[in-house]
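*Asks:* Sharing a model that was predicted from the sequence below.
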Amino acid sequence: MARKVLVLGEVRDGSLRNVSFEAIAAAKAVAEGGEVVGVIIGDNVSHLGEEMIKYRADRVIAAENAQLKQYTTDGFAQALLQVIQAEQPEGIIAGHTAMGKDLTPKIAAKLDSGLISDVTAIEEAGGNIVFTRPIYSGKAFEKRIMTDGLIFATVRPNNIVPPEKDEARTGEVKKMAVDVKDLRTIVKEVVRKTSEGVDLSEAKIIVSGGRGVKSAEGFEPLKELAKVLGGAVGASRGACDAGYCDYSLQIGQTGKVVTPDLYIACGISGAIQHLAGMSNSKVIVAINKDPEANIFNVADYGIVGDLFEVVPLLIEEFKQLKVNA
Amino acid sequence: MNIYVLLKRTFDTEEKITLKDAKINEEEAEFIINPYDEYAVEEAIQLRDAHGGEVTVISVGNEEAEKQLRTALAMGADKAVLINTEDDVEDGDQYTTAKILAEYLRDKEVDLILAGNVAIDGGSGQVGPRVAELLGIPYVTTITKIDIDGRNVTVVRDVEGDEEIIETTLPLLVTAQQGLNEPRYPSLPGIMKAKKKPFDELELDDLDLDEDDVMAKTKAIEIFLPPARGEGKILEGELADQVKELVQLLQREAKVI
């Protein structure tokens, strides 16, 4: 059954986040040949529409208003609802990001709709669109279907393969002036605590440190390794609790859930709290002095050794690889 | 101030998870207050102590949730309400739970509602925002700090590691993120007192709802465990050789570099 599906494009630092393109792939699966319409909400964002077209959205609506420069629940909900009203879609897909998590339940409640959050795979089976999602902190999965009305889901970053980009593709990008009023929450200030560079939740490679890193300075070699690999730095709760790094880096049941292609765990024991945030990574490398550390039970490759010896060697080796490439 | 806390009894996901008859095996499992809801309970108690008023904890579930509600009372909440759906709802989803909670809260004088930002079992994070929307009040998710001055509220919201300082007003719903506080353990006198605190048990009938009003909009059709990871390879030999081998394996075998 062909469906018209809206995809929410998410803007961060002036460009679209990768998850927006992954969401287009999800929307295509839901649309089953129907139209995929990108929606970008903000102030002066229509120039980003082209990028969604290149990633194979059929057309794009830029819902614009000066009051949408900064995300607010009320502002973005009003804008999206106006687009929904105008387009009458049969499906909506957004990223399972801070923004998607905050916005979509409100839209679902407003539309009296169901919502399947944090989806990692989509397939068609027996006439249904079937969504796979992790439950119990990633220790189990469920397949879930919508039983009534709209198909509405959020997709976890880094799990669904985005459509191949076609630089030559063109399509309609339409500006839509939306009304925004009576915002009940006002963002007074945004305090940037995450480092510039690669976004942890979207990183393909993560170098992560635990208590074994021993100090804030101990994170330096990990940062360098991440830089050489073009990845991001993460941490276990233990390292954050000990004050070695900011909580914004924490990966785990409390903290971020990540699924990179490569996860390098340095001096991390592998407490269940941490595994819940990273055990679905595609390839896991563990570096730990303790051969009995639990992290080795989930690792694909392990080195029993001092991270302060191993990590600098790894940096050199990867640098060498780059030179040879 | 009338403070409400939405609380869910959850499977302790630190436990090993197995399947039985194609469902999560709950036999002998530990059940706890969802950890994020625990932050919500703690914050509610602290806000009541600072501003006066009353804290009511509410849960939708079966009679076994009484234990977790009693724990919240022992921590210091004043009243508990269990909306027992055991006889009426078979497979509810977030739509179901939010509708029931909102129906209960609709005629209450609500100043502040606190909830966890996500439950560690279902992991959807929908119920808090849905309840706020159904009640027509604003919400702020994943907060790490809240200050209340009269009807004005300032909250710090965690946004994937960055912080937003947000100003808003009561009535309001907020969802708790890690870092909001350190939840207390119930004290022995607290546990004794909890036994005598008001505990209401309601069913859908009492809210003038029937099964059809709260029928789920989604349905789980299969539950499965992730494929077991293959046996990992622990490298051997001189450290420098191990590192060389690792890089080669990542490049040629795992193909992630």
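*Replies:* Good, I have the coordinates. Everything numeric in this text was worked out from a predicted model, so none of it was measured. Residues are numbered from 1 along each chain as shown, chains lettered A, B, ... in the order given.
*Asks:* Now for the closest residue to chain B within the stretch 151-300 of chain A: which residues touch it?
*Replies:* For the stretch 151-300 of chain A, the residue closest to chain B is A:Ser248, as judged by C-beta to the nearest C-beta, at 2.8 Å. The way it works is simple: take the backbone N, C-alpha and C, and place the C-beta from them, glycine included. By C-beta atoms under 8 Å, 6 or more residues apart in numbering or on different chains, the contact set of A:Ser248 is A:Lys193, A:Thr194, B:Glu160, B:Gly161, B:Asp162.
*Asks:* And the buried ones among those, selectable in ChimeraX?
*Replies:* Here is the ChimeraX command that selects the buried residues among those (16 or more other C-beta atoms under 10 Å in any protein chain shown):
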select /A:194 /B:160,161
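*Asks:* if we take the contacts of A:Ser248, which one ends up nearest to A:Lys143?
*Replies:* Checking the contacts of A:Ser248 against A:Lys143 by C-beta to C-beta gives B:Glu160 as the nearest, at 27.4 Å.
*Asks:* Quick check: that closest one touching A:Val258?
*Replies:* No. Counting by C-beta atoms under 8 Å, B:Glu160 sits too far from A:Val258 to count as a contact (11.3 Å).
*Asks:* and the contacts of A:Ser248 as CSV, adding secondary structure and pLDDT?
*Replies:* Shown next, in CSV, are these (DSSP: H, G, I helix; E, B strand; the rest coil; pLDDT from 0 to 100):
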residue, secondary structure, pLDDT
A:Lys193, coil, 78
A:Thr194, coil, 72
B:Glu160, coil, 86
B:Gly161, coil, 81
B:Asp162, strand, 87
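*Asks:* could the contacts of A:Ser248 be laid out in TSV, adding distance to B:Asp49?
*Replies:* Formatted as TSV, these follow (distance: C-beta to C-beta, whole Å):
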residue	distance to B:Asp49
A:Lys193	30
A:Thr194	34
B:Glu160	32
B:Gly161	30
B:Asp162	30
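*Asks:* Which single one of the contacts of A:Ser248 is nearest to A:Ile145?
*Replies:* Closest to A:Ile145, out of all of the contacts of A:Ser248 and judged by C-beta to C-beta, is B:Glu160, at 29.2 Å.
*Asks:* Report the contact partners of the closest one.
*Replies:* A:Thr97, A:Ala98, A:Thr194, A:Asp199, A:Leu200, A:Ser201, A:Ser248, A:Lys256.
*Asks:* ok, now B:Leu172?
*Replies:* Applying C-beta under 8 Å, 6+ apart to B:Leu172 gives the contacts B:Asp111, B:Leu112, B:Ile113, B:Ala132, B:Ile137, B:Pro138, B:Tyr139, B:Val140, B:Val153.
*Asks:* So what pairs up with it in the strands?
*Replies:* B:Leu112 (DSSP bridges).
*Asks:* hey, where'd the strands end up in the stretch 151-257 of chain B?
*Replies:* For the stretch 151-257 of chain B, the strands defined by DSSP state E, counting those that start in this stretch occupy B:152-159, B:162-169, B:172-176, B:199-202, B:218-224, B:233-234.
*Asks:* B:Tyr4 falls within a strand, correct?
*Replies:* Yes. Note on B:Tyr4: a strand contains this position according to DSSP: H, G, I helix; E, B strand; the rest coil.
*Asks:* Would you agree it is in contact with B:Arg106?
*Replies:* No. Between B:Tyr4 and B:Arg106 there is no contact under C-beta under 8 Å: 11.9 Å.
*Asks:* the more surrounded of those two?
*Replies:* B:Tyr4 (27 against 12; other C-beta atoms under 10 Å in any protein chain shown).
*Asks:* Which other helices and strands does the lengthiest helix in chain B contact?
*Replies:* Counting residues, the longest helix found in chain B (DSSP state H) is helix B:35-51. Helix B:35-51 sits against strand B:2-6, strand B:54-61, helix B:66-75, strand B:112-116, strand B:139-149, strand B:172-176, with contacts defined as 3 or more C-beta pairs under 8 Å, 6 or more residues apart in numbering or on different chains; DSSP states H and E.
*Asks:* Take those and write them to a markdown table, including mean pLDDT.
*Replies:* Listed next are these as a markdown table, based on pLDDT from 0 to 100:
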| stretch | mean pLDDT |
| --- | --- |
| strand B:2-6 | 98 |
| strand B:54-61 | 98 |
| helix B:66-75 | 98 |
| strand B:112-116 | 98 |
| strand B:139-149 | 98 |
| strand B:172-176 | 98 |
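*Asks:* would you list the ones you listed in a markdown table and tack on distance to A:Asn297?
*Replies:* Converted to a markdown table, the helices and strands packed on helix B:35-51 look like this (distance: least, C-beta to C-beta, whole Å):
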| stretch | distance to A:Asn297 |
| --- | --- |
| strand B:2-6 | 36 |
| strand B:54-61 | 33 |
| helix B:66-75 | 31 |
| strand B:112-116 | 29 |
| strand B:139-149 | 31 |
| strand B:172-176 | 31 |
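*Asks:* Tell me the residues of the stretch 1-150 of chain A that contact chain B?
*Replies:* A:73-74, A:97-98, A:101-102, A:104-106, A:108-110, A:113-118, A:128, A:130, A:133-149 (C-beta under 8 Å from any C-beta of the partner chain).
*Asks:* In helices, which of the residues you listed appear?
*Replies:* If you go by DSSP H, the residues of the stretch 1-150 of chain A next to chain B have A:Thr73, A:Asp74, A:Ala98, A:Lys101, A:Asp102, A:Thr104, A:Pro105, A:Lys106, A:Ala108, A:Ala109, A:Lys110 in helices.
*Asks:* Give me the buried subset of those.
*Replies:* A:Thr73, A:Asp74, A:Ala98, A:Lys101, A:Asp102, A:Thr104, A:Pro105, A:Lys106, A:Ala108, A:Ala109.
*Asks:* what's the nearest residue to the second one if we skip its chain neighbours?
*Replies:* If I follow you right, that is A:Asp74. Of all residues beyond its chain neighbours, the one nearest A:Asp74 is A:Leu183 (4.8 Å), with distances taken as C-beta to C-beta, 6 or more residues apart in numbering or on different chains.
*Asks:* Report pLDDT for the one you found.
*Replies:* On pLDDT, A:Leu183 comes in at 97.
*Asks:* count of neighbours near it?
*Replies:* Neighbour number of A:Leu183 under other C-beta under 10 Å is 16.
*Asks:* who touches both of B:Glu160 and A:Val258?
*Replies:* A:Leu200, A:Ser201.
*Asks:* ok, for B:Asp12, nearest residue in space, not its chain neighbours?
*Replies:* The spatial neighbour of B:Asp12 that comes closest, neighbours along the chain excluded (C-beta to C-beta, 6+ apart), is B:Glu30 at 4.1 Å.
*Asks:* That neighbour and B:Glu14: what is the separation?
*Replies:* 8 Å (C-beta to C-beta, to the nearest Å).
*Asks:* what about these two, which has more around it?
*Replies:* B:Glu14 (17 against 10).
*Asks:* Need phi/psi at the more buried one.
*Replies:* phi -80, psi -10 (degrees, to the nearest 10).
*Asks:* Quick check: the nearest residue to it once chain neighbours are set aside vs B:Arg9, distance?
*Replies:* With sequence-adjacent residues excluded and distances taken as C-beta to C-beta, 6+ apart, B:Glu14 is closest to A:Ile272, at 4.7 Å. Shown here: A:Ile272 relative to B:Arg9, a distance of 19 Å by C-beta to C-beta.
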